[in-house]
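>>> sequence? don't have it. structure:
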């Protein structure tokens, strides 16, 4: 029964994506395109590698963690209010993230692909983590909050308990918690200061 939660999480991910895109059109959320592009590519590669290694529905949350950023990345070109100015730091992280994917391509091993996808996605997260920490008003936490739930549902659908089935979801839980904390860091700090 728990395996069906991946469908609930997929729907929740789409709703959170809609909320984020709506906040972009209102001029609130300003996505870092480097992060969102690489957050599209790395999970989709990890999902494909997992499926090629025999993973079933447990790969759906990983796929959704790539499809959702694709929608956000695409929407960022539709509205001018949603653009975050990129700096050289963003491009360096994007290049290192891309290099990780190239290194995976050379190895052709699904577990190596997942490892490099995690590294690539992690490097792609640095610009948004930094932006959310310094300018939390430019981010919406909803995709990251739902991202934790989405990744957790992988474990309900897991059948093999292999690296290719649990590694990327574990990473997604960790990075989404970090992103939520970055968005709410100032609110948490002021609450603790009271």
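Thanks, I have it. This one's a predicted model, so the numbers in the text were calculated from it and none came from an experiment.
>>> please enumerate the helices of this structure.
Counting by DSSP state H, the chain has these helices, from start to end: 5-25, 33-52, 60-75, 88-107, 110-134, 142-157, 163-193.
>>> which other helices and strands contact the fourth one?
With contacts taken as 3 or more CB pairs under 8 Å, 6 or more residues apart in numbering; DSSP states H and E, helix 88-107 sits against helix 33-52, helix 110-134. C-betas here are computed from N, CA, C, even on glycine.
>>> of all those helices, which lies closest to residue 102?
Nearest to residue 102 among the helices and strands packed on helix 88-107 is helix 110-134 (8.7 Å), distances taken as CB to CB.
>>> now that closest one: buried residues?
110, 113-133 (16 or more other CB atoms under 10 Å).
>>> tell me which other helices or strands that helix touches.
Under the contact rule (3+ CB pairs under 8 Å, 6+ apart), helix 110-134 is packed against helix 33-52, helix 88-107, helix 163-193.
>>> most packed of these?
Burial among those, expressed as mean neighbours by mean count of other CB atoms under 10 Å, is greatest for helix 33-52, which shows a mean of 24.
>>> which other helices and strands contact that one?
If you count contacts as 3+ CB pairs under 8 Å, 6+ apart, helix 33-52 packs onto helix 60-75, helix 88-107, helix 110-134, helix 163-193.
>>> can you list contacts of the helix or strand of the chain with the lowest mean pLDDT?
When the helices and strands of the chain are compared on mean pLDDT, DSSP states H and E, helix 88-107 comes out lowest with a mean of 73. For helix 88-107, the external contacting residues (CB atoms under 8 Å, 6 or more residues apart in numbering) are 32, 34-35, 37-38, 41-42, 45, 112-113, 115-117, 119-121, 123-124, 126-127, 130.
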